[in-house]
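*Asks:* return atomic coordinates for the entry below.
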Amino acid sequence: MTRSFDGRSVADDVIERIVDLATRAPSAGKTQGWHLIVLTGQAVARFWAISLPTADRARFRWKRLLDAPVIAIPLADPGAYLDRYSEPDKAATGLGSGESAWPTPYWTVDASMSMMTLLLAAEAEGLGALLFGIFRDEPAIRVAFGIPDSLQILGAIALGWPAMGDAAAQAGRSATRHRRSAAEVIHRGHW
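*Replies:* Numbering: from 1, shown residues only. Have a look, this model is predicted:
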């Protein structure tokens, strides 16, 4: 995850290539119920003004994160799944009846897989990327960028060219945590 960007813009065709790859991620019923708001220019400044007001920036550790020329806001669309699973080939599942019919919210799962694919595609293009949560003022973000209440905001992705040799590019505090081994994750045959 890149936390320090050099501020150079990212060409639209690069963004389109990585989003095109993200559309190829698995999708239940090929619903593809996710959207991506791509912010550039003044829209990026407006995003930061809401999510990290100027008064809070002095104590913000990752100052060059704000130099990312692109902020993408991934959105999951539960309604798309209800519509898709109401179609004749999926209606027998009963999943079109409402969000509570889904034991696992595949709109979140599928959008998350698309986000991971987008992150990997960005890396393949030589871009830096950082997925982060929108923990402050989500309602204001919704209003500022016209995001309907029916869509689930999954966070934000900063995209851009990484700043090379920048001390601020060092790993976050969580990077020193123990990475679980396969043996710690696998449960063979039962829990």
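*Asks:* let me see the contact set for residue 50.
*Replies:* The neighbourhood of residue 50, defined by Cβ atoms under 8 Å, 6 or more residues apart in numbering, consists of 136, 137, 140, 141, 144. To be clear about C-beta, it is placed using only N, CA and C from the backbone, and glycine gets the same treatment.
*Asks:* again, 10 Å this time
*Replies:* Residues in contact with residue 50 (Cβ atoms under 10 Å, 6 or more residues apart in numbering) are 134, 136, 137, 138, 139, 140, 141, 143, 144, 145.
*Asks:* per-residue confidence at the closest residue to the fourth one other than its chain neighbours?
*Replies:* Nearest-residue entry for residue 138: residue 153, 6.1 Å, with adjacent residues in sequence omitted and distances by Cβ to Cβ, 6 or more residues apart in numbering. Residue 153 is assigned 97 on the pLDDT scale.
*Asks:* ok so residue 35 is a strand residue?
*Replies:* Yes - the assignment for residue 35 (DSSP: H, G, I helix; E, B strand; the rest coil) places it in a strand.
*Asks:* wait, it sits on residue 147?
*Replies:* Yes - taking Cβ atoms under 10 Å as the definition, residue 35 is a contact partner of residue 147 at 9.0 Å.
*Asks:* residues shared between the contacts of those two?
*Replies:* 73, 75.
*Asks:* buried ones in the helix or strand hosting residue 44?
*Replies:* For residue 44, the host element (DSSP states H and E) is helix 42-51. Neighbour-count burial for helix 42-51, counted by 16 or more other Cβ atoms under 10 Å, picks out 44, 47, 48, 50, 51.
*Asks:* want to throw those into TSV with distance to residue 188 and pLDDT?
*Replies:* Shown next, in TSV, are these (distance: Cβ to Cβ, whole Å; pLDDT from 0 to 100):
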residue	distance to residue 188	pLDDT
44	47	98
47	45	97
48	47	96
50	47	96
51	43	95
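*Asks:* and which of those is nearest to residue 187?
*Replies:* Closest approach between the buried residues of helix 42-51 and residue 187, by Cβ to Cβ: residue 51, at 38.4 Å.
*Asks:* so who does the closest residue to that closest one other than its chain neighbours touch?
*Replies:* Nearest residue to residue 51, sequence neighbours excluded (Cβ to Cβ, 6+ apart): residue 136, at 5.6 Å. When contacts are counted by Cβ under 10 Å, 6+ apart, residue 136 touches 50, 51, 52, 53, 56.
*Asks:* from the contacts of residue 50, which land in helices?
*Replies:* 138, 139, 140, 141, 143, 144, 145 (DSSP state H).
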